[in-house]
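Q: build me a structure from this.
(4 chains)
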There are 2 protein chains.
Amino acid sequence: MFNFVPSIKNGMADKREHILMVAEKLFGENGFDGTSVRDIAHQANVNLAMISYYFGSKEKLLEALIEYRASFTTLQELNKDEVLTPIEKMDRVIDFYVDKIMSNFCFHNLMLQQGNNSRSEEIRELIIDIKQKNFEQLKKIITDGQRKKFFRKEIDIELTIGTFMGAISQFTQARHYWSRILHIEKDNDEAYRKKMTPRLKSHLKQVLHAHLKIKNEES
Amino acid sequence: MFNFVPSIKNGMADKREHILMVAEKLFGENGFDGTSVRDIAHQANVNLAMISYYFGSKEKLLEALIEYRASFTTLQELNKDEVLTPIEKMDRVIDFYVDKIMSNFCFHNLMLQQGNNSRSEEIRELIIDIKQKNFEQLKKIITDGQRKKFFRKEIDIELTIGTFMGAISQFTQARHYWSRILHIEKDNDEAYRKKMTPRLKSHLKQVLHAHLKIKNEES
DNA sequence: TTGAATTAAACAAACGTTTAATTAAATTTA
DNA sequence: TAAATTTAATTAAACGTTTGTTTAATTCAA
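A: Numbers count the residues shown, from 1 in each chain, chains lettered A, B, ... in the order given. Presented below is the predicted three-dimensional model:
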């Protein structure tokens, strides 16, 4: 099996980062509660106490990881664009999200799990805030497309966005299941990623086009 | 907040069942690892040792819960039906799944989590097997619809099914998030269920119709 | 030589599970 | 039916691990 965690480089910022990457992998695979601080320390080849030393606590480590990963600028740039049609923009959104999430299921699964079930209200709110900002960018693109008469007015925007996000989540979260269904080599994340990414992109574009576009001409 | 766990009735089978219901709720809310046997015992008002006594172990309790909940006959009956059109059948499927999952998110979330991340290979396989049977029934309905020239041939059947399941999962799993987006009263599962169920059904039917149906006449 | 980085060891609390004793229920015997 | 006996259900307490976190000593670098 592959190991995507980068090895320790010199310097201490890198060590902190290395711990974050290992934590991300383990949290994503076994859940927050299913991962012990000792697991993380061992896999990261650092002393157990270093995690408290760097982050304060297991929960603070999780917060640090979320802040480390939370970067959401691309959608805003896309919204400002004046050249692309709304349909093209949606295609870009799909490419962006599928790439982003497929290239890092561990973090996405962790966010999914902690966004709803974290014992810490603070963490739940943190995650939901991030997701909400994304939602609003996405909503703008769709309403803009409606205004410009590219998209139908009758659609349920919120549920459309949820359906789109849910589909991607489904194929990252239930990898074991879909590996079997689609006859992809078991426990080979790289193979899954490679086969799934283009297929999922083109499928989602199909679905969203059929759902969003006003039915005049055939594309 | 509501409590959907039924109270203890007389008889011992009921007590076993009562423990299962409490476990389902806690597992679904806090995850398998996030729930202790003591939590379950306390919430169920039974002695801690009773859980080992009835089920053997925490993991066996989980298995018992899965077997208790796994009942998948309705889709088979639907497949045998000769009167309904494939489109009507798909609508029934949507109603069936949305009702089923919305009326029991705890169990659905648990299956989602354990189907991929359970430390027990046995449990992962158990869950995936159940899901695969459902998948095959669903696939039959769609290929049947293609054969009868109701559905397009160009669609990606597997990903279509995944998209559909993923959408439902999204709205059960990320309830906190969608409650905020859709301005539904926070931490009120009953309100969420009530508002979401019809809305999700009609949205999914729209999406699937647009995606599946051969575009001849307007419906 | 001062302060940060790193360590092994220890901490108390929580974990899943088991034990041995007790109570309740069911079954058998008289 | 009543008492005796056996089986099952229930309990409080304890088991040995593992948990997240801290300590106090040591190493390292500035």
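
Q: for the rest of this, base every contact and every neighbour count on C-alpha atoms.
A: OK.

Q: how about residues contacting the helix or strand of chain A with the lowest mean pLDDT?
A: None of the helices or strands of chain A scores lower by mean pLDDT, DSSP states H and E than helix A:74-80, at a mean of 81. Around helix A:74-80, the neighbours that count as contacts under C-alpha atoms under 8 Å, 6 or more residues apart in numbering or on different chains are A:89, A:93, A:134, A:137-138, A:140-141.

Q: what two of the residues you listed have the greatest distance between them?
A: Maximum pairwise distance among the contacts of helix A:74-80 (C-alpha to C-alpha): 14.4 Å, between A:89 and A:134.

Q: returning to that earlier point: closest to chain B out of the contacts of helix A:74-80?
A: residue A:134 (11.5 Å; C-alpha to the nearest C-alpha).

Q: element containing the closest one?
A: In this structure, residue A:134 sits in helix A:121-147 according to DSSP states H and E.

Q: check which element follows that helix along the chain.
A: Criterion used, DSSP H and E; the element after helix A:121-147 is helix A:157-173.

Q: thinking again about what came up before, compare residue A:89 and residue A:134 and say which one has the larger neighbour count.
A: Legend: neighbour count by other C-alpha atoms under 10 Å in any protein chain shown for residue A:89 and residue A:134, higher for residue A:89 (20 against 16).

Q: mind listing what that one touches?
A: Residues near residue A:89 by C-alpha under 8 Å, 6+ apart: A:78, A:141.

Q: switch the cut-off to 10 Å
A: Each residue near residue A:89 by C-alpha atoms under 10 Å, 6 or more residues apart in numbering or on different chains is listed here: A:75, A:78-79, A:81, A:83, A:95, A:138, A:141-142, A:145.

Q: now whichever helix or strand it is part of: average pLDDT?
A: Assessed by DSSP H and E, residue A:89 sits inside helix A:86-102. For helix A:86-102, mean pLDDT rounds to 95.

Q: just the angle between it and helix A:121-147, please?
A: 160 degrees (axes from the mean of the first three to the mean of the last three C-alpha atoms, to 10 degrees).

Q: pull helix A:86-102 out as PDB, backbone CA atoms only.
A: The C-alpha coordinates for helix A:86-102 follow below in PDB (Å, rounded to 0.1, in the frame of the first residue of the first chain):
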ATOM      1  CA  PRO A  86     -22.200  30.000 -16.200                       C
ATOM      2  CA  ILE A  87     -22.100  26.500 -17.700                       C
ATOM      3  CA  GLU A  88     -18.400  26.700 -18.200                       C
ATOM      4  CA  LYS A  89     -18.100  28.000 -14.600                       C
ATOM      5  CA  MET A  90     -20.000  25.000 -13.300                       C
ATOM      6  CA  ASP A  91     -17.700  22.700 -15.200                       C
ATOM      7  CA  ARG A  92     -14.800  24.400 -13.600                       C
ATOM      8  CA  VAL A  93     -16.400  24.000 -10.200                       C
ATOM      9  CA  ILE A  94     -16.800  20.300 -10.800                       C
ATOM     10  CA  ASP A  95     -13.200  19.900 -11.900                       C
ATOM     11  CA  PHE A  96     -12.000  21.900  -8.900                       C
ATOM     12  CA  TYR A  97     -14.000  20.000  -6.300                       C
ATOM     13  CA  VAL A  98     -13.400  16.600  -7.700                       C
ATOM     14  CA  ASP A  99      -9.700  17.200  -8.000                       C
ATOM     15  CA  LYS A 100      -9.500  18.700  -4.500                       C
ATOM     16  CA  ILE A 101     -11.400  16.100  -2.700                       C
ATOM     17  CA  MET A 102     -10.200  13.100  -4.700                       C
END
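
Q: which residues of chain A lie near DNA strand D?
A: Within chain A, the positions near DNA strand D by C-alpha under 7 Å from any atom of the strand are A:33, A:35-38, A:48-49, A:52-53, A:56-59.

Q: need the buried ones from those residues selected in ChimeraX.
A: ChimeraX command restricting the residues of chain A next to DNA strand D to the buried ones, with burial defined by 16 or more other C-alpha atoms under 10 Å in any protein chain shown:
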select /A:35,36,37,58
